[in-house]
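Student: let's see this in three dimensions:
(one chain, ligands or ions: 2)
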Amino acid sequence: MSVKSQQAVCLRISGGREFGKLIEHVSASSRTIVGADRVTFWMLGKDQRTLASLPSSEGGRVFRLPFGRGLVGACAQKQQIIVTADAYRDPLFDQRDDKRRSYRTVSELCLPILHDDELIGVVQASNRLRSDGVSVRIPLRKGVIVIGEFAEDDVVRLREVANLACAAFENARHLQAHRLLIDELSFTLADAISVRDTTTGKHIKLVTVIAVEVAREMGLSEDAVQEIKIAAALHDIGKIGVRDHILLKPVKFTQKDYRAMKTHAHKGRRILRKIDWPKGLEAVPYLVGSHHELCDGSGYPAGLTKDEISLSAHIITVSDIFAAVAQKRPYKEAHGPHYALKLCRDEARSGKLDPKVVRALARVIEHHGFEALERRSSKSRAGSFLSS
Ligand SMILES: [Fe+2]
Ligand SMILES: [Fe+2]
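Tutor: Ligands and ions are numbered 1, 2, ... in the order given. Presented below is the predicted three-dimensional model:
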């Protein structure tokens with residue numbers, strides 16, 4: 001492998017953001033860089049006594065190993081590089097590991113992954129694929145292949161991969177933890193409104209679950225789905241600034257009440273604009289501020305028209321109207337999903353809602369069922385229902 005292509009692979013590894021995809025890149029890239037049949041990443045468990053393989057590096061399965069068992073376990077325990085040319089003659093090798101993985105190891109290279117001198121895992125390269133050097137022919141699942149020995153160069157290359165992978169894994173873990181914290185904080189903030197009005201709390205959760213499903217149904221990227229999720233959770237946060245006698249009014253609004261209620265859209269945007277949103281969530285204040293805009297320009301606060309409103313905002317608007325009509329609110333009884341969907345279709349025909357989004361909503365309701373979506377949204381903690 002040329003230095004240039006190796007650099008390209010390394011850049012791809014370090015630039016990866018999503019943990020699952022990152023592991024796939026790392027495993028595939030490592031196989032190419034080292035020239036091994038398999039490369040498996042093992043991460044140290046929270047108990048500090050076991051290792052678990054990362055699923056993408058073992059075809060979706062997770063294997064666990066106690067410290068000290070087999071070449072991988074010995075590598076972790078001693079924190080030393082272990083190289084063998086003939087695993088079945090190596091006293092450290094444990095053949096049970098091959099049986100569990102339905103594999104036949106000949107040559108193997110195990111390298112500890114350290115972060116700030118602390119063990120975080122082991123990278124295991126199995127069966128060097130090379131025609132030069134000492135080689136044997138053995139039957140593997142791909143057919144008969146030539147196995148070579150791991151040499152000093154391979155150790156150097158695998159160490160570089162392990163270092164890069166280690167940094168990338170740590171970044172991905174921090175990113176995941178950061179995202180979870182933003183989810184929890186957003187829902188805690190959104191829940192503040194439900195202390196005053198429990199039906200709004202239920203409404204926010206249902207809008208979020210539906211908006212996420214509609215976004216996925218429409219094929220939006222996972223980053224866009226995350227942004228919609230946070231914005232949908234916070235879409236009515238501006239109601240914090242609406243007085244109780246209006247927010248909780250059990251009868252129809254007067255014109256004056258309605259004007260006061262309508263301020264929640266721009267109030268929400270104003271509250272959220274003060275936050276320095278991380279990359280990928282910059283549009284949250286805009287989405288919250290535009291969830292009452294309509295395609296024909298009759299919405300509020302800005303009276304934007306269809307092309308001036310982003311697809312993500314259209315998705316939140318449609319999900320909001322559907323959920324508000326289907327569920328009970330302080331000012332009205334529940335009308336149920338059939339009536340709510342019919343109303344959305346009518347509003348799409350009359351030019352107020354985006355028809356593509358309404359069609360996607362109809363498919364989501366048909367596929368998941370309204371009751372199941374409502375049940376999922378009623379789970380109390382943000383993380384629990386958002387990850388379902
Ligand atoms: Fe609203
Ligand atoms: Fe709403």
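Student: what about the stretch 201-350 of the chain, any weak spots by pLDDT?
Tutor: 329-332 (pLDDT under 70).
Student: near ligand 2, which residues of it show up?
Tutor: 236, 320 (CB under 5 Å from the ion). To be clear about C-beta, it is placed using only N, CA and C from the backbone, and glycine gets the same treatment.
Student: burial count for whichever residue of the stretch 51-200 of the chain sits closest to ligand 2?
Tutor: Proximity of the stretch 51-200 of the chain to ligand 2 (CB to the ion) peaks at T200, 7.6 Å away. A count of neighbours around T200, defined by other CB atoms under 10 Å, yields 20.
Student: distance from the chain centre to the helix or strand containing it, please.
Tutor: Per DSSP states H and E: T200 is located in helix 198-217. Distance, stretch centre to chain centre, for helix 198-217: 18 Å (CA atoms, centre = their mean, to the nearest Å).
Student: chain center to the helix or strand just after it: distance?
Tutor: Counting by DSSP H and E, the element after helix 198-217 in chain order, helix or strand, is helix 222-234. Between the centre of helix 222-234 and the centre of its chain there are 11 Å (CA atoms, centre = their mean).
Student: ok, now stretch 303-315?
Tutor: Computed by CA atoms, centre = their mean, the chain-centroid distance of stretch 303-315 equals 25 Å.
Student: and that stretch, how far apart are its ends?
Tutor: End-to-end distance for stretch 303-315: 17 Å, by CA to CA, to the nearest Å.
Student: quick check: buried residues in the helix holding T200?
Tutor: If you call a residue buried by 16 or more other CB atoms under 10 Å, then helix 198-217 has these buried ones: 199-215, 217.
Student: and V39, which helix or strand is it part of?
Tutor: strand 36-44.
Student: packing partners of that strand?
Tutor: Using 3 or more CB pairs under 8 Å, 6 or more residues apart in numbering; DSSP states H and E as the contact criterion, the elements in contact with strand 36-44 are helix 19-34, strand 50-53, helix 70-78, strand 118-129, helix 152-196.
Student: closest to S221 out of the ones you listed?
Tutor: helix 19-34 (12.1 Å; CB to CB).
Student: the closest one - what's its average pLDDT?
Tutor: Helix 19-34 shows a mean pLDDT of 73.
Student: what's the spacing between stretch 342-356 and its chain's center?
Tutor: On CA atoms, centre = their mean, the centre of stretch 342-356 falls 31 Å from the chain's centre.
Student: stretch 187-205 now?
Tutor: 24 Å.
Student: cool, stretch 319-330 as well?
Tutor: Centre to centre, stretch against its chain (CA atoms, centre = their mean), the figure for stretch 319-330 is 27 Å.
Student: tell me who's in contact with whatever residue of the stretch 101-250 of the chain ends up closest to ligand 2.
Tutor: Closest to ligand 2 within the stretch 101-250 of the chain is D236: 4.5 Å, counting by CB to the ion. By CB atoms under 8 Å, 6 or more residues apart in numbering, the contact set of D236 is 190, 193, 200, 203-204, 264, 268.
Student: what's the answer for S298, then?
Tutor: K352.
Student: what helix or strand is it on?
Tutor: Using DSSP H and E, no helix or strand contains S298.
Student: now the one 3 residues further on
Tutor: Assigned by DSSP H and E, P301 belongs to no helix or strand.
Student: element containing the closest residue to it other than its chain neighbours?
Tutor: Leaving aside its chain neighbours, P301 sits nearest to H266 (4.5 Å; criterion: CB to CB, 6 or more residues apart in numbering). Using DSSP H and E, H266 sits within helix 255-273.
Student: give me the helices and strands touching that helix, please.
Tutor: Helix 255-273 packs on helix 244-247, helix 284-289, going by 3+ CB pairs under 8 Å, 6+ apart.
Student: now that helix - C-alpha only, CSV.
Tutor: What follows is helix 255-273, C-alpha atoms only, in CSV (Å, rounded to 0.1, in the frame of the first residue of the first chain):
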residue,chain,number,x,y,z
GLN,A,255,-58.6,37.3,19.4
LYS,A,256,-56.5,38.9,22.2
ASP,A,257,-55.7,35.5,23.7
TYR,A,258,-54.7,34.1,20.3
ARG,A,259,-52.4,37.1,19.7
ALA,A,260,-50.7,36.4,23.1
MET,A,261,-50.4,32.7,22.4
LYS,A,262,-48.9,33.3,19.0
THR,A,263,-45.9,35.1,20.6
HIS,A,264,-44.6,31.7,21.7
ALA,A,265,-43.0,31.0,18.3
HIS,A,266,-40.7,34.0,18.3
LYS,A,267,-40.2,33.9,22.1
GLY,A,268,-38.9,30.3,21.7
ARG,A,269,-36.5,31.4,19.0
ARG,A,270,-35.3,34.3,21.1
ILE,A,271,-34.6,32.0,24.1
LEU,A,272,-32.7,29.4,22.0
ARG,A,273,-30.7,31.9,20.0
